[in-house]
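J.: coordinates only, sequence not included:
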């Protein structure tokens, strides 16, 4: 074999050897990651958990770390239901990704969700408020945090803060579906404030827009029926409930309301009207009762 050819073969062999040697770390990471993925996809969650943890321990700069963290969260929260370990993982993620605003905002949202599930509303709002500040200047990007904060305030019976948070969202939101969701939640807050006129207006607007998902549309329709019952518009309320009897996520609740309305409507139709025209106004009690009737003074 000619000397030149031998040198070429040796050079190629050496380069391949060096490449393999330089790639040992990457190969090890790929093998560990592939093993973890396969175990996860096969439902071998304890094995997958161990491999993802080893991957994170051994490969501190690998670009797939975010994926590994996410899978560990899924296993810990959804499979093992280990809430305490889950929040520890989230806090560790926040330390790692604190300089990445988008990832840090997501982690803060998840931590806030954890505290909300524990009904620790103040801690949840604190985390969501931090996440909102990292989520950008556009209200649409802040919306997931604003909605969570508004609902937390409502759970705390702080209806004014809930209203103000949603009103801020209303001013800046551009996405039509987010606007619809905001109006729906604002209408609900107005019902707690007993501002029935504004609640009705919001609900009628959002239902007319067609921007709510079908299930939320049914729930909003049911809420509008409740508002109409407050106004005494029983027939309209019944028609609305009938229209969502099959699409509402809780059809039994709709059925109970329909039974109640049927009795109320029948009662109104069979009740004799008071003949107040034949009475002396001075003989009538000035305040009507809940049914709008007047009674003669005794």
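T.: Thanks, I have it. Everything numeric in this text was worked out from a predicted model, so none of it was measured.
J.: okay, domains of the protein per the record?
T.: 32-96, 102-193, 213-270 (automatic domain parsing).
J.: state the distance from residue 77 to residue 225.
T.: 36 Å (CB to CB, to the nearest Å). In this view, the C-beta of every residue, glycine as well, is placed from N, C-alpha and C.
J.: and residue 235, that's in a helix?
T.: Yes - residue state for residue 235 (DSSP: H, G, I helix; E, B strand; the rest coil) corresponds to a helix.
J.: for it, give its distance to residue 199.
T.: Applying CB to CB to residue 235 and residue 199 gives a distance of 20 Å.
J.: ok, residue 220 next?
T.: Separation of residue 220 from residue 199 (CB to CB) stands at 11 Å.
J.: same check on residue 257?
T.: For residue 257 relative to residue 199 (CB to CB), the value is 17 Å.
J.: quick check: buried residues in the helix or strand where residue 181 lies?
T.: Per DSSP states H and E, residue 181 falls inside helix 176-192. For helix 176-192, burial by neighbour count (16 or more other CB atoms under 10 Å) applies to 178-191.
J.: for the chain, name the helix or strand with the lowest mean pLDDT.
T.: Counting by mean pLDDT, DSSP states H and E, the chain has its least confident helix or strand at helix 3-22, which shows a mean of 37.
J.: dump the residue contacts of the most centrally placed residue in the chain.
T.: When CA atoms, centre = their mean is applied to the chain, the residue found nearest the centroid is residue 148 (6.8 Å). Shown in contact with residue 148 (CB atoms under 8 Å, 6 or more residues apart in numbering): 109, 112, 113, 116, 124, 128.
J.: so what's the residue count around the closest residue to the second one other than its chain neighbours?
T.: Read that as residue 112. In space, and not counting its chain neighbours, residue 112 is closest to residue 127: 3.6 Å by CB to CB, 6 or more residues apart in numbering. For residue 127, the count of nearby residues is 24 (other CB atoms under 10 Å).
J.: go ahead and confirm residue 127 touches residue 105.
T.: No - using CB atoms under 8 Å as the test, residue 127 is too far from residue 105 to be in contact (10.2 Å).
J.: shouldn't residue 70 be within a helix?
T.: Yes - counting by three-state DSSP, residue 70 is found in a helix.
J.: just give me the neighbour total for it.
T.: Using other CB under 10 Å, residue 70 has 13 other residues around it.
J.: the one 4 residues further on now?
T.: Around residue 74 there are 17 other residues, counting by other CB under 10 Å.
J.: low-confidence bits of the stretch 151-298 of the chain, can you list those?
T.: Residue ranges of the stretch 151-298 of the chain with pLDDT under 70: 268-298.
J.: show me where it has its helices.
T.: 159-172, 176-192, 196-209, 214-230, 234-243, 251-270 (DSSP state H, counting those that start in this stretch).
J.: the ones you listed: which one's closest to residue 91?
T.: Closest approach to residue 91 among the helices of the stretch 151-298 of the chain is made by helix 159-172 (25.7 Å; CB to CB).
J.: pull the distance from the closest one to the chain's centre.
T.: Relative to the centre of its chain, helix 159-172 is centred 16 Å away, using CA atoms, centre = their mean, to the nearest Å.
J.: likewise for stretch 174-188?
T.: Taking CA atoms, centre = their mean, the mean C-alpha location of stretch 174-188 is offset from the chain mean by 13 Å.
J.: and stretch 216-235, by the same measure?
T.: A distance of 23 Å separates the centroid of the chain from that of stretch 216-235, by CA atoms, centre = their mean.
J.: for it, list every residue counted as buried.
T.: 216-229, 234.
J.: cool, and stretch 83-93?
T.: Buried, per 16+ other CB under 10 Å, within stretch 83-93: 86, 87, 89, 90, 93.
J.: just checking, the last one touches residue 69?
T.: Looking back up the chat, that one is residue 93. Yes - distance between residue 93 and residue 69: 5.3 Å, which falls inside the contact criterion (CB under 8 Å).
J.: so where is the stretch 1-150 of the chain shaky, pLDDT-wise?
T.: For the stretch 1-150 of the chain, the stretches with pLDDT under 70 are 1-26.
J.: if we use 50, what do you get?
T.: Counting by pLDDT under 50, the stretch 1-150 of the chain contains low-confidence ranges at 3-25.
J.: who are the packing partners of the helix or strand hosting residue 126?
T.: Using DSSP H and E, residue 126 falls within helix 121-134. With contacts taken as 3 or more CB pairs under 8 Å, 6 or more residues apart in numbering; DSSP states H and E, helix 121-134 sits against helix 101-117, helix 139-155.
J.: what sits against residue 109?
T.: Per CB under 8 Å, 6+ apart, neighbours of residue 109: 127, 128, 131, 144, 145, 148.
J.: let's see 7 Å
T.: By CB atoms under 7 Å, 6 or more residues apart in numbering, the residues touching residue 109 are 128, 131, 144, 145.
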